[in-house]
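S.K.: what's the 3D shape of this:
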Amino acid sequence: MSDPKFELRLWRGPAWNSMTYWVARACLRYDRPDAAAKLLEAALDDSAAQFERTGTIWEFYHPQGGAPESLERKPGSKAEHNPPCHDYLGHNPLLAMARMWQEARVAQPKVPAR
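M.R.: Numbers count the residues shown, from 1 in each chain. Reported below is the predicted structural model:
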């Protein structure tokens, strides 16, 4: 977020569940189920919180947990076409993320009890 190109617009800052999914897959591939579970849990929790608040699944989410409606798509877009799409499952793999989270939790090494 310290990059000068970061902004709360489309691909320069908002969090996309599709990208989180692919990063979590990479974590599992490189034997880091703990990292995959942490990423997936945060994304799923925020998606659930925003769904509870708004009743919709968003195209992308605020990277700091803010309202998706406060984000913008592209500069110069008409106001009615500028917020992220709602009721969006085009490339929002929520169900696959939930299954992957369950798998990652099972794959984590168990810490022995003391």
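S.K.: Go ahead and confirm residue 94 touches residue 44.
M.R.: Yes - contact status for residue 94 versus residue 44: in contact at 7.3 Å, counting by CB atoms under 8 Å. No exception for glycine: its C-beta is placed from N, CA and C like everyone else's.
S.K.: residue ranges for the helices of this structure, please.
M.R.: Counting by DSSP state H, the chain has helices at residues 17-29, 33-54, 94-107.
S.K.: Dump stretch 102-111 to CSV, keeping only the CA atoms.
M.R.: Written as CSV, here are the backbone C-alpha positions of stretch 102-111 (Å, rounded to 0.1, in the frame of the first residue of the first chain):
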residue,chain,number,x,y,z
GLN,A,102,-11.1,-26.7,5.1
GLU,A,103,-8.4,-28.6,3.3
ALA,A,104,-5.7,-26.2,4.5
ARG,A,105,-6.9,-26.4,8.1
VAL,A,106,-6.7,-30.2,8.0
ALA,A,107,-3.2,-30.1,6.4
GLN,A,108,-1.7,-27.9,9.0
PRO,A,109,0.8,-29.6,11.3
LYS,A,110,-0.6,-30.4,14.7
VAL,A,111,1.2,-28.8,17.6
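S.K.: Now do residue 78: how many residues are near it, please.
M.R.: Residues near residue 78, counting by other CB atoms under 10 Å, number 6.
S.K.: correction: residue 92
M.R.: If you count neighbours by other CB under 10 Å, residue 92 ends up with 20.
S.K.: Kindly report the same for residue 7.
M.R.: Residue 7: 15 neighbours (other CB under 10 Å).
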